[in-house]
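> Here you go, sequence then predicted model.
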Amino acid sequence: MARRWTINGRFLSQPTTGVQRYAREVVRSLDSLIGEQVPLARGLEVELLCPPGAGDMPLVSVGRREVGRTGGHAWEQAHLPSSLGNSGLLSLCNTGPLLARKHIVCIHDANVWNAPQSYSLAFRTLYRTLLPCLGRTAWRISTVSDYSLGELVGRGIVPAQRAFVAPNGHEHALRWKPQHSETTRQAASRNTIVMIGSPAPHKNVGFILDMAGRLADAGFKIAVAGAADSRVFNGRSHDEAENIHWLGRVSDGELAALLRDSLCLAFPSLTEGFGLPALEAMAIGCPVVVSDRASLPEVCGDAALFAPPDDSDAWSDRFVRLRGSQALRLHMVGKGRARASAYSWRATALRYLEAMAAADGIDTETTVVRVRELT
């Protein structure tokens, strides 16, 4: 008898951030593994259910179908569960229907508790209500790092015995084809510090931008990808700083070229469930200077230069050291690529196949050993 599972495709109707990237890459890898008929995928039928008008993604072994008449949370809580039948459900982007029981949900972080200032009152109220309910009703909760797991368990969102870690991977960054635009070409140099310009306060981008004058005196430039308006960072001097390049939204290829040809990525976050931009930079061969908080030491290991997210002297020191030593730069590039390769979307998809099989009552002990030989 075939085993039936459904993937919550709401992410295809949402803008792509790290959470939606996670869903796309896990689904892509599941599609590949099912096509290969690895042991855990034999007899498995998987369908991606989406709201009307959702975007598409190329899949071979996973079917795709639109259901319902609306989108958003209403679609997820009403139309999706009514379309499941006896199928299990995999939800990869923090939320999912409370009425589904054979349900695996990925909750990426506890940031609505750890960084409430980064979210609207309505958003954090919804998530602070919904996530603990999912923690009680779902069959299993996954998350992306040991740090995030500890936060979710510690806050009582999910019991430890019903949770597991399924981290981000790096392979998608290797598919990016570096190609400069005129603006990224002008911004990139061995004096350029790249920032991902999220206005969320917990990303702490303003901390580095506030150092612009000091960094300019030392000959550094700052390239901010993903934000074109300095006003969102509330810094009085950001508009006037001639060494800040506001790049706006860039393509994956432009970001890859920028990282490849710049000094480093600076990632000063106060809290992260995982920290995917750091992993992407390491995979591309760009050194990273990151915060010494939350999940980042776990994810980056010894492949990054660390600094406290409130110590400007420490960040300046790391930038100067990296620029001043080609040997250090080459060492960090090598360490970064090796570290990134340890995080695989394929391995994460196999972890989900294992959890899905267990939910179906299959003894996975022998099968898992055989599958892991394929990774």
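The structure has been received and is ready for your questions. Numbering: from 1, shown residues only.

> Contacts for stretch 338-353 next, please.
25-26, 28-30, 32-33, 38, 40-41, 44, 90, 104, 142, 164, 166-173, 279-280, 282-283, 299-303, 371-372, 374-375 (Cβ atoms under 8 Å, 6 or more residues apart in numbering). Bear in mind the C-beta positions are built from the backbone N, C-alpha and C, glycine included.

> Which ones among those residues map onto strands?
Members of those lying in strands (criterion: DSSP state E): Leu44, Leu90, Ile104, Ser142, Phe164.

> now those residues in a markdown table, with neighbour count and distance to Leu84?
Listed next are these as a markdown table, based on neighbours: other Cβ atoms under 10 Å; distance: Cβ to Cβ, whole Å:
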| residue | neighbour count | distance to Leu84 |
| --- | --- | --- |
| Leu44 | 22 | 16 |
| Leu90 | 28 | 11 |
| Ile104 | 25 | 13 |
| Ser142 | 26 | 19 |
| Phe164 | 18 | 22 |
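
> between the residues you listed, which is nearest Gln14?
Among the ones in strands among the contacts of stretch 338-353, Leu90 lies closest to Gln14 (Cβ to Cβ), at 16.4 Å.

> Compute the distance between that closest one and Phe274, please.
Leu90 is 18 Å from Phe274, where distance means Cβ to Cβ, to the nearest Å.

> Ok, Val333 next?
21 Å.

> more neighbours, these two?
Per other Cβ atoms under 10 Å, whichever of Val333 and Phe274 has more neighbours is Phe274, with 25 against 16.

> Could you tell me the model confidence score at that one?
Phe274 is assigned 97 on the pLDDT scale.

> Look at Trp5 and give its secondary structure.
With DSSP: H, G, I helix; E, B strand; the rest coil as the basis, Trp5 sits in strand.

> which non-adjacent residue is nearest it?
Closest residue to Trp5 apart from its sequence neighbours, by Cβ to Cβ, 6 or more residues apart in numbering: Gly88 at 4.5 Å.

> pretty sure that neighbour contacts His103?
Yes. At 7.2 Å, Gly88 and His103 qualify as touching, with contact defined as Cβ atoms under 8 Å.

> Whichever of the contacts of stretch 338-353 end up buried, select them in ChimeraX.
To isolate the buried members of those in ChimeraX, using 16 or more other Cβ atoms under 10 Å:
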select :25,26,28,29,30,32,33,38,40,41,44,90,104,142,164,166,167,168,169,170,171,172,173,279,280,282,283,299,300,303,371
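
> Among the contacts of stretch 338-353, which ones are in helices?
25-26, 28-30, 32-33, 171-173, 279-280, 282-283, 299-300, 371-372 (DSSP state H).

> which residues does Gln37 contact?
Taking Cβ under 8 Å, 6+ apart, one finds nothing in contact with Gln37.

> Just read off the phi/psi values of it.
Gln37 adopts backbone torsions of phi 60, psi 50, taken as degrees, to the nearest 10.

> roughly how far apart are it and Arg249?
Distance from Gln37 to Arg249, by Cβ to Cβ: 39 Å.

> and what of Val194?
For Val194 relative to Arg249 (Cβ to Cβ), the value is 14 Å.

> Looking at the two, which is more packed in?
For Val194 versus Arg249, neighbours defined as other Cβ under 10 Å are more numerous around Val194 (29 against 11).

> residue ranges of the strands in the stretch 201-350 of the chain, please?
Secondary structure of the stretch 201-350 of the chain (DSSP state E, counting those that start in this stretch): strands located at 221-225, 244-248, 264-267, 288-291, 305-307.

> Turn those strands into JSON lines, including distance to Ala212 and mean neighbour count.
Below are those laid out as JSON lines (distance: least, Cβ to Cβ, whole Å; neighbours: other Cβ atoms under 10 Å):
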{"stretch": "strand 221-225", "distance to Ala212": "6", "mean neighbour count": "24"}
{"stretch": "strand 244-248", "distance to Ala212": "6", "mean neighbour count": "19"}
{"stretch": "strand 264-267", "distance to Ala212": "12", "mean neighbour count": "26"}
{"stretch": "strand 288-291", "distance to Ala212": "16", "mean neighbour count": "27"}
{"stretch": "strand 305-307", "distance to Ala212": "17", "mean neighbour count": "20"}
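
> among the ones you listed, which is nearest Arg337?
Set against Arg337 and scored by Cβ to Cβ, the strands of the stretch 201-350 of the chain come closest in strand 288-291, at 11.6 Å.

> Run me through the strand neighbours of that closest one, direction for each.
The strands that strand 288-291 pairs with in its sheet are strand 264-267 (parallel), strand 305-307 (parallel) (by DSSP bridges).

> Let's have these in CSV, adding distance to Gly154 and mean pLDDT.
Output for those, formatted as CSV (distance: least, Cβ to Cβ, whole Å; pLDDT from 0 to 100):
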stretch, distance to Gly154, mean pLDDT
strand 264-267, 24, 98
strand 305-307, 23, 98
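
> can you tell me which of the ones you listed comes nearest to Val62?
strand 264-267 (32.7 Å).

> Please list the residues outside that closest one that contact it.
193-196, 208, 259, 275, 277-278, 281, 286-291, 296, 305, 315, 319, 322.

> pretty sure Gly63 is touching Leu49, no?
No. At 9.2 Å, Gly63 does not count as touching Leu49 under the criterion of Cβ under 8 Å.

> neighbour-wise, which of these two wins?
Counted by other Cβ under 10 Å, Gly63 and Leu49 do not tie: Leu49 has more neighbours, with 23 against 13.

> what's the helix or strand harbouring the more buried one packed up against?
Assigned by DSSP states H and E, Leu49 falls within strand 44-50. Contacting strand 44-50 under the criterion 3 or more Cβ pairs under 8 Å, 6 or more residues apart in numbering; DSSP states H and E are the following elements: strand 3-8, helix 18-36, strand 63-66.
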